[in-house]
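Engineer: just need the structure, nothing else, for what follows:
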Amino acid sequence: MLLDLSSDELLSTTRAVRHRLDLSRPVPWELIQECVELAVQAPTGRNRQRWHFVVVTDSERRRALADVFRRAVAAADPHASPLTRCDVERMNAYPESLAGIGSGFRHLYDNIHRVPALVVPCVEGRTDGASVLAQAMTWGSILPAVWSFMLAARARGLGTVWTTAQAPLEREMAALLGVPYDRVMLAAFIPLAYTLGTDFRPAPRVPLDQVLHRNHW
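Structural biologist: Here you go, the predicted structure:
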């Protein structure tokens, strides 16, 4: 059943859900299929449709993925994406939001094996060492589809959160899932579950004049 949301409400309330994932309620496979059917209506460069969605619902395989997830978190290089001064200012503009993210991450880390479905969107083609053009074309052919998947999930009372937990141990996760690592890239690692309540609200954001530029920077 679809939630009664306007398009603006859907876009502004599709949140990164961690604390409010319902860990006790299975997600019907038919509902996941509906979300993927909508996802693959997204734009794709030159209509190549290189997207794939690996969805894991089997409990033993979810536990194996949870083990990789936790080890990948430990293996992540904290210096791989250094924060700028502006990053820090924006992150701390609303301290309660940052605290909530930290608490939510700890909850997800502890309970990732209990999430009823784990979604790993993939894209054919690797961007390791690729030019900016090649990177833009590849990621531009998977990111719109994944966001459409997340919007479709929200409309159906499901919660998601984009994580990059696959990245530090991508090859190992690919092997676990049977993904041909040399020619297919794991784009994200997304928990999927019903949400505890559906009353999500827009998040506090920095003022628009800090990010919207007219005619020039």
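
Engineer: all strands of this protein, in order?
Structural biologist: All strands of the chain, identified by DSSP state E, fall at 51-56, 117-124, 158-160, 184-186, 190-194.

Engineer: give the contact list for the residue most central in space within the chain.
Structural biologist: For the chain, Trp162 is the residue whose C-alpha lies nearest the centre (CA atoms, centre = their mean; 1.9 Å). Trp162 is in contact with Ala16, Val146, Met150, Ala188, Ile190, counting by CB atoms under 8 Å, 6 or more residues apart in numbering. Heads up, the C-betas are built off the backbone N, CA and C, glycines and all.

Engineer: out of the residues you listed, which is most surrounded?
Structural biologist: If you count neighbours using other CB atoms under 10 Å, the busiest of these is Met150, which has 25 neighbours.

Engineer: pLDDT score assigned to that residue?
Structural biologist: Per-residue confidence (pLDDT) for Met150: 98.

Engineer: could you find the closest non-adjacent residue to it?
Structural biologist: Take Met150 and drop its neighbours on the chain: the residue closest to it by CB to CB, 6 or more residues apart in numbering is Thr160, 4.6 Å away.

Engineer: pretty sure that neighbour is in contact with Ala153, am I right?
Structural biologist: Yes: with contact defined as CB atoms under 8 Å, Thr160 counts as touching Ala153 (5.2 Å).

Engineer: who's in contact with Arg50?
Structural biologist: Thr44, Val123, Glu124, Gly125, Thr138, Ser141, Ile142.

Engineer: neighbours around Arg154, how many?
Structural biologist: 24.

Engineer: that should have said Arg114, apologies.
Structural biologist: By other CB under 10 Å, 16 other residues sit near Arg114.

Engineer: then Gln41?
Structural biologist: For Gln41, the count of nearby residues is 11 (other CB under 10 Å).

Engineer: what is the burial count for the closest residue to it other than its chain neighbours?
Structural biologist: Once flanking residues are discounted, Gln41 sits nearest to Ser148: 6.8 Å by CB to CB, 6+ apart. Neighbours of Ser148 under the rule other CB under 10 Å: 19.

Engineer: state the distance from Ser148 to Leu2.
Structural biologist: According to CB to CB, to the nearest Å, Ser148 stands 15 Å off from Leu2.

Engineer: please enumerate the helices of the protein.
Structural biologist: Under the criterion DSSP state H, helices of the chain are mapped to 7-13, 29-39, 59-75, 85-91, 95-111, 132-139, 143-155, 170-177.

Engineer: how about these in JSON lines, adding distance to Tyr194?
Structural biologist: Converted to JSON lines, the helices of the chain look like this (distance: least, CB to CB, whole Å):
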{"stretch": "helix 7-13", "distance to Tyr194": "16"}
{"stretch": "helix 29-39", "distance to Tyr194": "9"}
{"stretch": "helix 59-75", "distance to Tyr194": "16"}
{"stretch": "helix 85-91", "distance to Tyr194": "29"}
{"stretch": "helix 95-111", "distance to Tyr194": "14"}
{"stretch": "helix 132-139", "distance to Tyr194": "29"}
{"stretch": "helix 143-155", "distance to Tyr194": "10"}
{"stretch": "helix 170-177", "distance to Tyr194": "24"}
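
Engineer: pick the most buried one from the ones you listed.
Structural biologist: Ranked by mean neighbour count, the helices of the chain are led by helix 143-155 with a mean of 22 (mean count of other CB atoms under 10 Å).
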